[in-house]
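# I would like to see how this sequence folds:
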Amino acid sequence: MAKQTSSEFAPLSIALLTISDTRDENTDKSGNYLAGAIDAAGHQLYEKIIEKDDKYRIRARLSEWIANPEVQIILCTGGTGFSGRDITPEAVIPLLDKEINGFGEYFRTLSIEQVGSSTIQSRALGGLANNTFIFCLPGSVNACKTGWSGILLQQLDFRNKPCNFVELLPGMAPK
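Below is the predicted model of the structure:
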């Protein structure tokens, strides 16, 4: 990754994980939306995978990406609710070095306009593991649009001021 010398756009390498027992490549609307949004923003989709709601398979996949220096950002969609199979937070949190508490808080604030008080059922979260940012969004397309356009599009852009996540990545701070 090239070191930034100014506040110009810096494309990031983003891995995308859809977590679902029921989705496949043809029905993964949220994952497909995020893949398109990543591309439209000028970032690079490192890999897109669908994984079943199994916390050990999820952890194994995430651990592989966390250990890979080519992956800077991991986006997950699905499994953040309260049903018996929703285990994304339980799978992800033990892998994190730091949680970004404000990510989930701000996501729920933004989604109030769409889903009202049902936003309290969202367990969207963000964190950092081995200098890799991980963001977990609910599995609905609307929730992914809210998280991407309301938070991630700006925070994954070096030009967002006064601060952004890009400048916190190794080798990405301006000279």
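# need the longest helix for this protein.
helix 101-115 (DSSP state H).
# contacting residues around that helix?
Applying Cβ atoms under 8 Å, 6 or more residues apart in numbering, the contact partners of helix 101-115 are 119-120, 122-126, 135, 137, 142-143, 146-147, 150-151. Bear in mind the C-beta positions are built from the backbone N, C-alpha and C, glycine included.
# Of these, which qualify as buried by neighbour count?
For the contacts of helix 101-115, a neighbour count by 16 or more other Cβ atoms under 10 Å gives the buried set as Thr119, Ser122, Arg123, Ala124, Leu125, Gly126, Phe135, Leu137, Ala143, Thr146, Gly147, Ile151.
# for the last one, what are its contacts?
Looking back up the chat, that one is Ile151. Phe103, Tyr106, Phe107, Leu110.
# out of these, which is most surrounded?
Phe107 (26 neighbours; other Cβ atoms under 10 Å).
# Look up how far Leu137 lies from that one.
To Leu137, Phe107 is 7 Å away according to Cβ to Cβ, to the nearest Å.
# same check, this time on Ala143
Taking Cβ to Cβ, one finds Ala143 at 6 Å from Leu137.
# Which neighbours do the two have in common?
Ser30, Ala124.
# Restricted to helices, list the contacts of helix 101-115.
Secondary structure from DSSP H places Asn142, Ala143, Thr146, Gly147 of the contacts of helix 101-115 in helices.
# So which residues of this structure form helices?
29-41, 55-67, 88-92, 101-115, 141-147, 153-155.
# Looking at these, which is nearest to Thr77?
Set against Thr77 and scored by Cβ to Cβ, the helices of the chain come closest in helix 29-41, at 4.4 Å.
# thinking again about what came up before, could you dump the ones in helices among the contacts of helix 101-115 into TSV with distance to Asn131 added?
Listed next are the ones in helices among the contacts of helix 101-115 as TSV, based on distance: Cβ to Cβ, whole Å:
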residue	distance to Asn131
Asn142	31
Ala143	26
Thr146	26
Gly147	21
